[in-house]
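> next input, structure requested:
(one chain, ligands or ions: 1)
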Amino acid sequence: MGQDNKSLSFSESVNFMVDRALTVLEIDEGISAAIKACNSTIKINFPVEINGKIEVFTGWRSTHSSHRLPSKGGIRFAPIVNEDEVEALAALMTYKCAIVDVPFGGSKGGLLIDPYQYTRDDLQRITRRFARELIRKGFLSPATNVPAPDMGTGEREMAWIADTYKHLHPEDINYAACVTGKPVAHGGIRGRTEATGRGVVYAIREFFRHADDVKAAGLTPGLGGKRIVMQGLGNVGYYAAKLLDEEDESKIIAIVERDGVLVNDEGLCIENVRNHINEHKTIKGFPDATFSEDGASGLEIECDILIPAAMEAQITKENAERIKTKLIVEAANGPVTFEADNILRQRDITILPDAYVNAGGVTVSYFEWVRNLAHIRFGRMERQHDEMRGTQMLQALEAMTGKQPEEWMKKELASGADELDLVRSGLDDTMRGSYQQLKEVLDSNEKVDDFRTASYVVAIQKIVRSYIDIGVY
Ligand code: NAD
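Predicted coordinates:
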């Protein structure tokens, strides 16, 4: 392939990985090219006045596929972002949506900015201006292209984008669905902020339910007590680490952040680390761990599970030989390059791939989009009814047995599901069901021996089916 002497771009890396699945499926070259090609990318330069001076900002929005609409994908604000990166991330969105059966095409956006260098007011003006450009150029609307949060953006930016769209399209009754990841008070859905991290944990739990996969990875059964290294304690990493720490009793023995690594062999308290970062804007000085400025070395700590949750290209051909884990869970997009993936495969290190692992975000974004179109909160109609039926059932039990049900029974049976319960249940179901689809391919196709190829096989089969159904070929 001629990629040995230079590092591949992010897009090339994704495409080479996809090629493995296209080869397994023996997909025609022309169709393969159509699946991999990015439909369109827009580059926008726009001026904003900051402190009395004009600054010109550059942003991109890429639509990789629109076989299903809207196309969906986050918008990142980062000091390093470029067209290739946005196109690679848009492609990942296409495959991700297919894997978890979210009926969207793939898209992604990026704005070249270090958000930490600007005030809230400046960021609001920059975000609104970027959104206006995207809306005017047909790259943002509830029906065609719906952004969400990503690196450097969150519900605050999503609320500004939704409000900008509403002002430009007051006649659109579905305006709130033009973006997901909004605050709950502005049409957001409960559980979206934590969804990607929670989805990562649901994926890991499902992996541990499959004894043969756990054994093949060289791990002992059970997530409890497993030694985990987490890279990135932002939105995705924080919620994933918090759940693993508090609910699964795993040990987060190291946290790699942009300014170094914290290590504590007994396990770090995630809430305490997070509070420290919020207060001091750095992991440095955290009292219950040793600190080293050499963050990259943290990835090479011996552990059971390594979770890169920061950004792309963190495990490359330079450090892949030194990685000492049994399982890599790709919470970030593209953290392992194609070359590193080849090395890790040869070393029999199991990888749960990004396009599956971090799909919890887009899954709950899908729930939010549906909620916005329905104009009603999930569970609003049924909750009281379910509680009443539960109470009646308890009374019937009591009448039949002559015994008072235990307190926990009363609590469990006589409560109806609220929106958060439903979102978590839908997310768990999605992550479990998708894992089982990957597993089916792994177990039934002898040409597939890794989860990444299995995930792309699953995605490509669905994408080709959808193209055939709508008569593209
Ligand atoms: P974020 O900005 O909230 O957090 C990123 C974290 O990584 C920050 O704490 C940052 O300090 C840290 N970081 C940055 N560079 C680093 C480096 N070189 N080494 C170590 N740490 C570093 O972003 P996020 O939303 O958590 O996204 C993280 C990754 O997950 C990205 O790849 C993103 O595309 C992917 N992702 C995010 C979502 C979502 O819903 N937010 C969904 C799917 C995928």
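> so Ile351 lies in a helix, does it not?
No. Using DSSP: H, G, I helix; E, B strand; the rest coil, the assignment for Ile351 is strand, not a helix.
> show me what contacts it?
When contacts are counted by CB atoms under 8 Å, 6 or more residues apart in numbering, Ile351 touches Leu327, Ile328, Val329, Glu330, Val336, Asp341, Leu344, Arg345, Asp450, Phe451, Arg452. To be clear about C-beta, it is placed using only N, CA and C from the backbone, and glycine gets the same treatment.
> tell me which parts of the protein are close to the ligand?
Contact residues (CB under 6 Å from any ligand atom) of the chain with the ligand: 74, 149-152, 196, 231-237, 256-258, 295, 309-311, 331-333, 358, 361.
> any idea of the mean pLDDT in stretch 271-284?
For stretch 271-284, mean pLDDT is 97.
> equivalent analysis for stretch 460-468, please.
Averaged across stretch 460-468, pLDDT comes to 89.
> stretch 396-416 too?
Per-residue pLDDT over stretch 396-416 has a mean of 90.
> next, the buried residues of that stretch.
The neighbour-count check on stretch 396-416 (16 or more other CB atoms under 10 Å) flags Pro405, Leu413, Ala414 as buried.
> take those and keep only those in helices.
Residues of the buried residues of stretch 396-416 located in helices (DSSP state H): Leu413.
> can you lay out the buried residues of stretch 396-416 as CSV showing distance to Ile277?
Compiled in CSV, those are given as follows (distance: CB to CB, whole Å):
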residue, distance to Ile277
Pro405, 46
Leu413, 41
Ala414, 41
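> how many neighbours does Arg132 have?
Arg132: 18 surrounding residues under other CB atoms under 10 Å.
> kindly apply the preceding question to Ile470 instead.
Ile470 has 10 nearby residues by other CB under 10 Å.
> contact partners for it?
Residues counted as contacts of Ile470 (CB under 8 Å, 6+ apart) are His67.
> point to the residue nearest the middle of this protein.
Asn358 (3.1 Å; CA atoms, centre = their mean).
> who are the contact partners of that one?
By CB under 8 Å, 6+ apart, Asn358 lies in contact with Lys96, Thr196, Gly199, Val200, Val236, Glu330, Ala331, Ala332, Asn333.
> so Ala254, which state does it fall into?
Looking at Ala254 with three-state DSSP, the answer is strand.
> isn't it up against Cys303?
Yes. Ala254 lies in contact with Cys303 (CB atoms under 8 Å); the separation is 7.4 Å.
> higher neighbour count, these two?
Ala254 (27 against 23).
> which residue ranges make up each domain of the chain?
According to automatic domain parsing, the chain comprises the domains 38-186, 195-357, 380-416.
> lowest average pLDDT across these?
Within these, confidence is poorest for domain 380-416, with a mean of 91 (mean pLDDT).
> hang on, the earlier thing: so which of the contacts of Ile351 comes closest to the ligand?
Comparing those against the ligand with CB to the nearest ligand atom places Glu330 closest, at 8.9 Å.
> could you report the neighbour count for that closest one?
Glu330: 27 surrounding residues under other CB under 10 Å.
> what residues are up against the closest residue to it other than its chain neighbours?
The shortest distance from Glu330 to any residue other than its chain neighbours is 3.9 Å, reached at Asp354 (CB to CB, 6 or more residues apart in numbering). If you count contacts by CB under 8 Å, 6+ apart, Asp354 has them with Leu92, Lys96, Glu330, Ala331, Ala332, Asn333, Gly334, Pro335.
> identify the residue spatially nearest to the last one, adjacent ones excluded.
Meaning Pro335. Nearest non-adjacent residue to Pro335, counting by CB to CB, 6+ apart: Pro308, 3.6 Å away.
> residues in contact with that neighbour?
Residues in contact with Pro308 (CB under 8 Å, 6+ apart) are Gln231, Gly232, Leu299, Gln314, Ile315, Ile328, Glu330, Ala331, Ala332, Pro335, Val336.
> kindly recompute the last result at 6 Å.
Applying CB atoms under 6 Å, 6 or more residues apart in numbering, we find Pro308 in contact with Gln231, Gln314, Ala332, Pro335.
> backbone dihedrals for it, please?
In terms of degrees, to the nearest 10, the main-chain angles of Pro308 are phi -80, psi 120.
> which helix or strand contains the closest residue to Gly360 other than its chain neighbours?
Leaving aside its sequence neighbours, Gly360 sits nearest to Gly199 (CB to CB, 6+ apart; 1.7 Å). Assessed by DSSP states H and E, Gly199 sits inside helix 195-208.
> ok, and what's touching that helix?
Outside helix 195-208, the residues that reach it (CB under 6 Å, 6+ apart) are 213-214, 223, 236, 239-240, 243-244, 329, 331, 352, 357-358, 360-361, 364, 427-428, 431-432, 435.
> same question, stretch 268-286
Tyr238, Ala241, Lys242, Asp245, Ile252, Glu257, Asp259, Leu262, Ala289, Phe291.
> what's the PyMOL syntax to select whichever of the residues you listed are buried?
Selection of buried members from those for PyMOL, criterion 16+ other CB under 10 Å:
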select buried, resi 238+241+242+245+252+257+262+289
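> need the contacts of stretch 268-286 in CSV with distance to Phe207, can you?
Below are those laid out as CSV (distance: CB to CB, whole Å):
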residue, distance to Phe207
Tyr238, 21
Ala241, 17
Lys242, 19
Asp245, 18
Ile252, 17
Glu257, 25
Asp259, 31
Leu262, 26
Ala289, 27
Phe291, 31
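> hmm, back to that, which two of the contacts of Asp354 have the greatest separation?
Pairwise distances across those (CB to CB) peak at 14.5 Å, for the pair Lys96 and Pro335.
> could you report the distance from Val100 to the ligand?
According to CB to the nearest ligand atom, to the nearest Å, Val100 stands 12 Å off from the ligand.
> who touches that residue in this structure?
Ala359, Thr363, Thr430, Ser434.
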